[in-house]
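>>> based on what follows, work out the 3D shape:
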Amino acid sequence: MIIFKKTSQTFANSNLFATFVTMNTTEQTLQQIERSIRKTAEKYPTTCEAEVLTDIHMRVNQETGELVSYDDDDNELNRCVIEEWIDNKDDDFYEQIVSVLRNSLENMHETVDNLSILKPYAFVLEDEEKESVAELRVVDDDTVIIDSELMAGLDEDLNTFFENLMKE
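Modelled structure (predicted):
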């Protein structure tokens, strides 16, 4: 079993910094999430022509640990239970799972970026009340969405970098 510890690490590249926070996640949890994403993707096989216009809504129930995927019409695409998430009482639960789900979608980009859904489409995290928590991934040939946490303070870092560069 591999466990990723909750940490806050800073990586430096020139004078640009990014802070990454991850939650405790077991290998079993990652496998359950990726299996759920695969099962959802099977509903939109790459061998079919893209005729559907929808987003994929991923709802997580903090009490039951259920991860359920829906289309825009609220048709259930897949349901699974993430055992590690059952009865999770963390106030920042949804903020924690955003990075886990984004990483899983990124790891499966070849699958999720080629569904038979008309582009652009998105994977959206929702809470039990169907309220949008975060846009996990946007799939579009012409658009790249960068996480706002990654971009925080970038303007200031770029200005400092440019000032230091001009001094040399």
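>>> apart from its chain neighbours, what residue comes closest to Phe93?
Among residues not flanking Phe93 along the chain, Gln62 sits closest, at 5.3 Å (Cβ to Cβ, 6 or more residues apart in numbering). C-beta: built from backbone N, CA, C; applies to glycine.
>>> wait, doesn't that neighbour sit right on Glu129?
No: in this structure, Gln62 is not within contact of Glu129 by Cβ atoms under 8 Å, at 11.5 Å.
>>> so which of those two has more stuff around it?
For Gln62 and Glu129, the more surrounded residue by other Cβ atoms under 10 Å is Gln62, and the numbers stand at 17 against 6.
>>> could you measure from the more buried one over to Trp85?
Noted for Gln62: a distance of 7 Å to Trp85, by Cβ to Cβ, to the nearest Å.
>>> am I right that Ile37 sits in a helix?
Yes: secondary structure of Ile37 (DSSP: H, G, I helix; E, B strand; the rest coil): part of a helix.
>>> that one and Met166, how far apart?
Taken as Cβ to Cβ, the span from Ile37 to Met166 is 46 Å.
>>> please say which of the two ends up with more neighbours.
Set Ile37 next to Met166 and count neighbours by other Cβ under 10 Å: Ile37 wins out with 24 against 7.
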